[in-house]
Every structure is written in structure tokens, then in C-alpha cells.
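K.L.:
Sequence first, then the predicted structure:
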Amino acid sequence: ILNSYITQPELNQNEITSLSSSIRDIILGLRASPLSNDTGDIKAIEVTLQGMSLLLDSTYYGWKTDRTLSMLHEDEEDLANLIFSISRDIKRLIESRDQQIKDREDEVSKSIQELRVVMVLFSIIGLTFTFAGLILLRRILRKRFKVLHSATLALQQGDLNSRVKLNTGDDFARLANSFNNMAESLQQNKQQLDLINKDLENTVAERTVALTDTVIHLKSEFSARETAEQELEKIAFFDPVTGLPNRTLFRERFTVEINDCARTDEMLALCYIDLDKFKDVNDSLGHSVGDQLLRQVARRIETVTQRKTDLIARMGGDEFVVVFSGCKENGAYIHIIEELIAKLAEEFKVGDSTVFVGASVGIAVCPTDGEDYETLVRHADLAMYRAKENGRSTYQFYEAALNDSFVKRIDMEKALRGAIDTEAFEVFY
């Protein structure tokens, strides 16, 4: 607008109106600008522009007088110079303000950058102090835990005097106090237990001594009782002269052998042995020599019958029995009986005396000659008497005809005994 105004030689009404409007717009712009409150130059410019606006308005309304127009034209150059001067000042002020704004923005940016650096430094310092605090706290906690752990291990190993000293006034101190109370309670309980254990040990020692004496006494009694029982058993079941099983034990064992024979379908031979001329030895040399002779006879019988299954016993007096079990046939044991008769016919050295006896053997076979103890013993005894009748120092198997002769002999003995009692005998010479 100013350039077009300067280049025009004359002012017309429209141009004056436009220029006046532009000046008013500039004034309004200056008032609205943030520069309006900073310097006095802005106020001066605003006042000058207001004066120019009034001058133009007065010029607008005074165009009818030529003189006014000529005056206005005369002042055109001054007005243009004034406007250019004002424009330059405004531009300078605006540039200065822009530079100030840029400088402030730079300062703000620099301040923000410095603030960021400071914030980073403070963050690093804060983290450093945090880590340092954590490390210090870790060391403190580790030291306190170590104290508690050491005291706990000592207590676990039996050191009831172990205590924890922490006067920090925190939870660790309360925990240490609880631990110390527990250790104190355990120590008191241990002392009480030690007293109880000591009393118990004394009581146990006393009871042990008493029990040991009782055990020794009972052991002695049991030993004596066992010895007595063994002696009683020996007396009850074994012959005191020869040491062989007696009639009672033989009956029990022979009954078992008979039952085994029935299960296995095998034969069992009962040999009834009676010594020949033993009564003469007993009457002439005495019972002591007779007992020694019986012992030697028992040893010879054991020597000949070496099988563990053979059963040997003394029935009483000079009578012995031998049982051969598991026999398939009679020939299995006949040679043993013959050897036994031969051995018993040999001489016996009894003290300073030499004694000769013999043996007669009766044989009863199970189940042929009987299936029970009484029957087999009776039949073997009958066969033994028949062997004596046949000349002695021999053996005889049982036969059914032996029963008749035995009955006749019994009847004869009864008749003879009755005849003696009734004096039925008549002596002729």
C-alpha cells in the first residue's frame, strides 16, 4: 500500500480511504501484538499513526477546498517518509522480538537439555544410592542371618549355651530374643532330663544287679532242673547198667516202627536175645561182674548192628532186643544175627576173669507174625525159648505151632505148682 502511495503523483478519495483503513489496521495489529507492552517506541508509533489517521480523515472530509488538497499533496512526501520510518521501526522491533523469542527458545531448550542432564544425573545418583543401600542392607541382613544361623547350628549340635546378641530393636532382635528364650527353655529341660536320666540310670543299675542275681539263680535252678529232668528221663527211659533204651522207651519206638512198616509195606524183624549161662556167672562171680558182662554184651551188639535204623534195647535181666526195619526179605538180616551169635560166643574179659556165654535168638516178623507190640514180643519170646530147646547159641523163627507147646508148658507149670502146694508128689527113692 505504501509503495503504491509513493509512486502515485496524486491522492484520490479511494486511496486516502484505503490508506486510512490500513493505518487503523496497523494500529489494531500493534495493539494485538505481544510487543505492545514491551517498549515505549510502540506507544509512540501507535500515537503517530492515530494522528495520521485523523489527518487523513480530515483530508477526506476537506477535499472540496483546493487549498486543503494542495496542502495534502505538499505533505505527501513527508507522510510517506514518516510511514516508511514507522514501517522500518516496526520491522526492526518485530525482528528484535523474533530474535528475543528465538533467544528465549534457545535458552529454554538449553535449560530443558540441562534439566534432562540433571535429571539423568539425579537418576544415576539415586540408583547408585539405592544399590549402595541395598548392598549395605544385604550385608547387614547377611551378618544378622549369619549370627542366627551360627547359633542355630550350635544348638543343633547340642550346645544349649548358645545365645544370640542383637540389640537392633527390630524384628531380628525380637527373633533373637525368641531364640534365646527357646535355648534357655531347652537348657532347663535338659537339666531336668539329666536329673531324671541319672535317677533312672541308678534305678536301672540297681534293678540290673537284682535281675542279674535273679537270672543267675534261675539259671542255676534251670540247670539243676534240666539235669534232674535228664537224669529222670535217663532213669525212666534208659537202662542204668548198659545205657541202652529200656522196656518203656523200646515200646514207644517200636510202636512207631510198626506204624512205619504198615505205611511202606516193608518187613520188620524183632529179634529177642537171651544170654546162655548168665545165671551161672552171676551166681559164681557176683552181680558186679554180671553188670560188667552185660555192658560188654551191649557194646558188642551195638558193634554188630551198625545201622542207624536198627533199634536196640535191654528188656531186663539178661534179655535184649534188636529190631531190623526196612527189610525186603529175611535174608537181609540173617547174616547179622549169625554174626551177633558168633560174637557173643567169644570170651569176655571181666576184671581178672574170663567168661564164656552164648545167646539164643527168637525172631518174629511183622506183619507176618503180628502187627502190634504185645503180639510180636510174645511170639519172639516163644521163638527164643524154642532156640534154647534146640541147643542154644542159635536162632529160631516164630511158628504158629509154638503156641500149642507154650500152652502145654504153661499148663504143666501150673500143674506142678499145684502139686507142690497140695503135696501130690510121691517120692519112691
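P.N.:
That came through fine.
K.L.:
shaky segments in the stretch 101-250 of the chain?
P.N.:
Along the stretch 101-250 of the chain, the model assigns pLDDT under 70 to residues 141, 144-145, 155-156, 160, 162, 164-172.
K.L.:
And the helices in it, which stretches?
P.N.:
For the stretch 101-250 of the chain, applying DSSP state H, counting those that start in this stretch gives helices covering 171-237, 247-264.
K.L.:
Highest mean neighbour count out of the ones you listed?
P.N.:
helix 247-264 (a mean of 15; mean count of other CB atoms under 10 Å). Any C-beta I mention is one placed from the backbone N, CA and C, and that applies to glycine too.
K.L.:
quick one, it and helix 171-237 angle?
P.N.:
Using axes from the mean of the first three to the mean of the last three CA atoms, to 10 degrees, the inter-axis angle of helix 247-264 relative to helix 171-237 is 100 degrees.
K.L.:
Go ahead and name everything in contact with helix 247-264.
P.N.:
236-238, 245, 267-268, 270, 311, 313-316, 321, 323, 325-326, 366-367, 371-373, 376 (CB atoms under 8 Å, 6 or more residues apart in numbering).
K.L.:
And the residues you listed, which of them are buried?
P.N.:
Applying 16 or more other CB atoms under 10 Å to the contacts of helix 247-264, the neighbour count classes 237-238, 245, 267-268, 270, 311, 313-315, 321, 323, 325-326, 366, 373, 376 as buried.
K.L.:
How far does the helix or strand Arg97 falls within sit from its chain's centre?
P.N.:
Under the criterion of DSSP states H and E, Arg97 resides in helix 76-156. What separates the centre of helix 76-156 from the centre of its chain is 67 Å, taken as CA atoms, centre = their mean, to the nearest Å.
K.L.:
again with stretch 417-429
P.N.:
On CA atoms, centre = their mean, the centre of stretch 417-429 falls 98 Å from the chain's centre.
K.L.:
Now for Ala419: which residues touch it?
P.N.:
Going by CB under 8 Å, 6+ apart, Ala419 touches Phe425.
K.L.:
Kindly report the same for Tyr272.
P.N.:
With contact set as CB under 8 Å, 6+ apart, Tyr272 has these partners: 315, 319, 321, 361-364, 377, 380-381, 383-384.
K.L.:
How many residues are close by Leu416?
P.N.:
Residues near Leu416, counting by other CB atoms under 10 Å, number 12.
K.L.:
before we move on, which element is it in?
P.N.:
Per DSSP H and E: helix 401-421 holds Leu416.
K.L.:
Just name the closest of the contacts of Tyr272 to Arg307, please.
P.N.:
Val321 (15.2 Å; CB to CB).
K.L.:
Identify each of the helices in the stretch 301-429 of the chain and give its residue range.
P.N.:
Using DSSP H, counting those that start in this stretch, the helices of the stretch 301-429 of the chain run over residues 331-345, 373-389, 401-421.
K.L.:
Now find how far off-centre the first one is within its chain.
P.N.:
Taking the mean C-alpha point of helix 331-345 and that of its whole chain, the gap between them comes to 69 Å (CA atoms, centre = their mean).
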